Each structure stands twice: as structure tokens, then as C-alpha cells.
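Undergrad: predicted model and sequence follow; I will ask about them next.
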Amino acid sequence: MLVSAGIILVVGGLCACAPLFKRVSQSLGRALSVLGFIVGMVVLIVAVDYALGFNFLSGAISDALAATSSPYLKYFLPAMIVLGILLISRPIRNVRWASIISLALGLLVSYFLRTLLPSLFTSSTVLVIVFLIATLAIYTLLRFVEDLFDFIGSVLAFPPIAIAVGLVNIYFGILFFSV
């Protein structure tokens, strides 16, 4: 296995406990948030790999779960997914990515329609209307997803919840080390 589940759970748990460290040092809390973003991506990749049964990165997790005597270790996957969402959503919660993505996709839709069907889209007015319709439709969908992600991120970023998620994942990481 390329990634040890115990190590990423403990490191991710420490990064989730960043509100505790912000009281000591503001720069330490920010450093843990940046490190947490990277660790959060790794946590989600390993969790998806294990959940879908690819076993590219998580082959040893299955072996550890089969050899364990702890009845709680089988619940590590939901905790791992919540940890990944928490760590990723903390730094990007205020980024308005729906606008940027919808603008880019609206331009791509207009470009591909102009390229694939040049006889239908000869007028620039028609292309502008297609661009506006595509951009608004995509923005509406992505804005909903962005608001949902913002809500979940703000709930998970509430310090008592973040600390609890961090401590649970540290516990699961220690359980993986004990196997």
C-alpha cells in the first residue's frame, strides 16, 4: 500500500484539530489548514479507493480490517470521508468557483457548437444567446452545489465538531497502528 491509513488518519485528525492550535499560534493554525487541505485530498482519494474496492492504495486496509479484533474499526470509512470533506472545505469555503466554472463552460459550449455546427451558428448574436443560456444553466446548478458545500463546510468547521471529528480519526489511526 502506498499510503498508510493510520498515518493519514492521525495527521488528518491533527489538522482537523487546528482550532485548538489557533489559540496558541495563528500561523500554526493556518499552516495546519494548508497541510490539512493536502491531507484531505489524500484522505478522500484513499477513502474512495477503499469504498469502491479498487485496492490501488488501500489493499492493506482490507488486510488490517480482517485481522482486527476491534469492533469499532469497521466504522472508520464514514469518519474518514467526513474528515476529508472537513479538511478540503475549510480553506476553499469562501471561493466562488461556480462563477468561474460556469463562465468557462459557457465559453466552451459556444466554441464547440460553433466548431461542430458552423452552418447553424453563423451569427454572433445566436452564439451570445447560446453562451448566456449555457452559462446561466450551469451557474444555477453549480451555485446550488456550492451553497450545499458551503453549508456542510460551515457545520463541519464549527470548532467543537471539527475537534470531535479530529479526535475520532486520531483514534481510528491509533487503532490501525495497533493492528
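TA: The structure has been received and is ready for your questions.

Undergrad: who touches stretch 33-46?
TA: 3, 5, 8-9, 11-12, 15-16, 18, 57-58, 61, 80-81, 83-88, 90-92 (Cβ atoms under 8 Å, 6 or more residues apart in numbering). C-beta coordinates here come from the backbone N, C-alpha and C atoms, glycine included.

Undergrad: following the chain onward from the least confident helix or strand in the chain by mean pLDDT, which element is next?
TA: Among the helical and strand segments of the chain, the one scoring lowest on mean pLDDT, DSSP states H and E is helix 59-67, with a mean of 56. Downstream of helix 59-67, the first helix or strand assigned by DSSP states H and E is helix 76-92.

Undergrad: residues contacting the closest residue to R96 other than its chain neighbours?
TA: Distances taken as Cβ to Cβ, 6 or more residues apart in numbering place E146 nearest to R96, at 7.2 Å, with adjacent residues excluded. Residues in contact with E146 (Cβ under 8 Å, 6+ apart) are 96-98.

Undergrad: so what's the backbone phi/psi at E146?
TA: The phi/psi pair for E146 (degrees, to the nearest 10) reads phi -60, psi -40.

Undergrad: quick check: it vs I101, distance?
TA: Separation of E146 from I101 (Cβ to Cβ, to the nearest Å): 9 Å.

Undergrad: residue farthest from the centroid of the chain?
TA: Relative to the C-alpha centroid of the chain, counting by Cα atoms, centre = their mean, S119 is the outermost residue, at 42.4 Å.
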